[in-house]
Each structure stands twice: as structure tokens, then as C-alpha cells.
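Chemist: Quick one: sequence and predicted model below, then my questions.
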Amino acid sequence: MRQYDDKTLERLINGELTWQELKMIIGGRKDSDRFDKVINILQNRVSWKEKIILPLHEHLYIVLNNGERVVKCDCGYEFGNYKENWKKKCRIRVRDAEADINELYPKYMGCDPEWEEIREYYCPGCFTLLDTEVVPPGYPVIFNFLPDIDVFYEKWLGRKAPDK
């Protein structure tokens, strides 16, 4: 099993590895301390002190803040409890699907633009684009991912999850 240094993992996170380098990492066994190394890299990138317990999405983390697990953006904006859909606290831009559909799909490969809308979710703190959905008008906000943090830590990492 090969151990990867922080510099290589940082390049992995940034999407800067060549296909050959990436293939080696994907195809090999994961080093036992990789999760901790990645968390340390991510923690060093943010200016706030709350402990990252799980990366949730690009620019978003589940952190431990005053005993509560909350979703937090790179900029420090807090979206609240991680069990609630963070998108509901975003700035939302609904784009005109008819005008923008060709930007997303090759000709004749998308749905009827009258049957869909493009929703863009922005962080209220830094206005970073966090996610995009293409859904029928009136469709509920999609909750992408609700991790079971305790099971992840206990079953995958073999240790107790950070306290609530």
C-alpha cells in the first residue's frame, strides 16, 4: 500500500493530477490515514476554527460548532443543522430554461424547456455557486445527501464520531 503525501493529496483535491497519477490513486488501496490528511488539508484552507468532521460538497463542510453539527461554507457562512437541507438557506437564481438549455445539453438531448427550470444555489455569505438543479417547475428542493456521520466514523474509520 502506497502512502501519499499532503502535497499529492492537495493536488488531488484541486483536480490538478494527471490521469496517470489519478489512476494510480484510484486503483490502489487507500492509505489508512487518508481521511485525516484530507481533513487537515481542508481545515488549513479555511479561516474559521470549528472542526471539520466531514466534507459535504465542494465548498461545504459539516463542522462541530458548540456541540452541534452544522453545515458551513468556505467563507464561514453557517447553514444550520446538517440534517436540514442547506439549499433552503441559499440565494436562489431560477434561470430561463428555454434561453439557457443549449448551454447545458447538446441539441435534441435535453427535455422540453417549458417543462423544466434551472435553479442555481448561491452561498448568501460569499455568493459562490454551490449547486445547480434542472427540475420541473414547482418541484421541491432536492436534498442531495444526508450522511450518517456516526456510522461512517464507527464502521469505516473505526473510531467514535466527534461529540455532538
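Modeler: Perfect, thanks for sending it. Please read these numbers as outputs of a predicted model, since none were measured by experiment. Residues are numbered from 1 along each chain as shown.
Chemist: Centroid-wise, who is the farthest residue in this structure?
Modeler: Each residue of the chain has a distance to the centre, and by C-alpha atoms, centre = their mean the biggest one is for Tyr108: 30.4 Å.
Chemist: mind checking pLDDT for that one?
Modeler: Taken from the predicted model, the pLDDT recorded for Tyr108 is 74.
Chemist: before we move on, what SS does it have?
Modeler: Each residue gets one of three states, and Tyr108 gets coil by DSSP: H, G, I helix; E, B strand; the rest coil.
Chemist: Quick check: Val134 touching Ala97?
Modeler: Yes - when contacts are counted by C-beta atoms under 8 Å, Val134 is listed as touching Ala97 (7.4 Å). (C-beta placed from N, C-alpha, C; glycine too.)
Chemist: joint contacts of the two?
Modeler: By C-beta atoms under 8 Å, 6 or more residues apart in numbering, Val134 and Ala97 have these common neighbours: 116-118.
Chemist: which one of the residues you listed is nearest Gly138?
Modeler: Glu117 (8.6 Å; C-beta to C-beta).
Chemist: how about stretch 17-33: buried residues?
Modeler: The neighbour-count criterion (16 or more other C-beta atoms under 10 Å) identifies 17, 25 as the buried residues of stretch 17-33.
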